[in-house]
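1. Coordinates for the following, if possible.
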Amino acid sequence: MASSVANTTSSKRRRLLLLLAAAVALTILAPPPVSALRRRAVHLTVYVQEILDGPGQTEKLLIKGPGPANPSLWPPHNYFGDTIVMDDLVTEAVANNSKPIGRVYGIYMTASMTRPVYTVSFTLHLTAGPYNGSTIVMAGIDDDDMGVREHAVVGGTGALRGAEGYVFGIVKPFTSSYVVMELDIYMTVPVPVPRPKARAAAASPLITDQ
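-> Below is the predicted model of the structure:
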């Protein structure tokens, strides 16, 4: 009886050791999490040409909010819930006739009943330079009481896939219907990892490499 108990205990210990060994092996062989991959810094400064009204208008009211009217904002976009869609030219310098390098697509909405605050969600699509064809996705709030607005970089595509960081925005008004938003973008993106070579196809679909 004692021998049987000892054998059972020994067997349990062996199984436990095997499980621990398997867990250690899986930990060693598992790929590192995305957050552990090497990243490189990217810094861009661009200028968004916003035409709020009149010829060449690039931002228009999409949804008229239910209100109430926000006393801190001028009409027509001063009702709580007003939602504006934008398709703005992006240039490499402040002047609207400087070199075009992309467009900003997105929306912003009057998000406060009493303060000059909007929620914003927009994507910068670059069409020139080393990141031609890539996008940067940004979101946050615009507070008109702040000289410098800050948004989060929440993603990207193409050469900027997996982008993370933040954006400083400064509004440069020229007229009541034309402003330029300077975007100073600080972000990091993963350093590409070489892909392993593909295995040769098996001789038969019923046979796989071990």
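
2. From here on, just use CA atoms for contacts and neighbour counts.
-> Noted.

3. ranges for the strands of the chain?
-> 39-51, 59-63, 83-91, 100-110, 117-126, 135-143, 149-157, 164-175, 178-190 (DSSP state E).

4. Need the ones you listed in a markdown table (columns: distance to Asn70 and mean pLDDT).
-> Formatted as a markdown table, the strands of the chain follow (distance: least, CA to CA, whole Å; pLDDT from 0 to 100):
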| stretch | distance to Asn70 | mean pLDDT |
| --- | --- | --- |
| strand 39-51 | 22 | 97 |
| strand 59-63 | 16 | 95 |
| strand 83-91 | 14 | 98 |
| strand 100-110 | 9 | 97 |
| strand 117-126 | 10 | 97 |
| strand 135-143 | 13 | 97 |
| strand 149-157 | 20 | 97 |
| strand 164-175 | 21 | 96 |
| strand 178-190 | 21 | 97 |
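
5. Reformat those as a markdown table; add mean neighbour count and distance to Ser72.
-> Shown next, in a markdown table, are those (neighbours: other CA atoms under 10 Å; distance: least, CA to CA, whole Å):
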| stretch | mean neighbour count | distance to Ser72 |
| --- | --- | --- |
| strand 39-51 | 18 | 21 |
| strand 59-63 | 16 | 19 |
| strand 83-91 | 21 | 17 |
| strand 100-110 | 21 | 11 |
| strand 117-126 | 20 | 9 |
| strand 135-143 | 20 | 11 |
| strand 149-157 | 19 | 17 |
| strand 164-175 | 17 | 17 |
| strand 178-190 | 19 | 19 |
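
6. Mind putting those strands into TSV with distance to Pro75?
-> Listed next are these as TSV, based on distance: least, CA to CA, whole Å:
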stretch	distance to Pro75
strand 39-51	16
strand 59-63	12
strand 83-91	13
strand 100-110	11
strand 117-126	14
strand 135-143	17
strand 149-157	22
strand 164-175	15
strand 178-190	15
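
7. Which among these is found nearest to Pro76?
-> Closest to Pro76 of the strands of the chain is strand 59-63 (CA to CA; 9.0 Å).

8. Need the contact partners of that closest one.
-> Strand 59-63 is contacted from outside by 50-53, 77, 81-88, using CA atoms under 8 Å, 6 or more residues apart in numbering.

9. Could you report the neighbour count for Asp145?
-> 11 (other CA atoms under 10 Å).

10. Before I go, just wanted to say thanks for your time.
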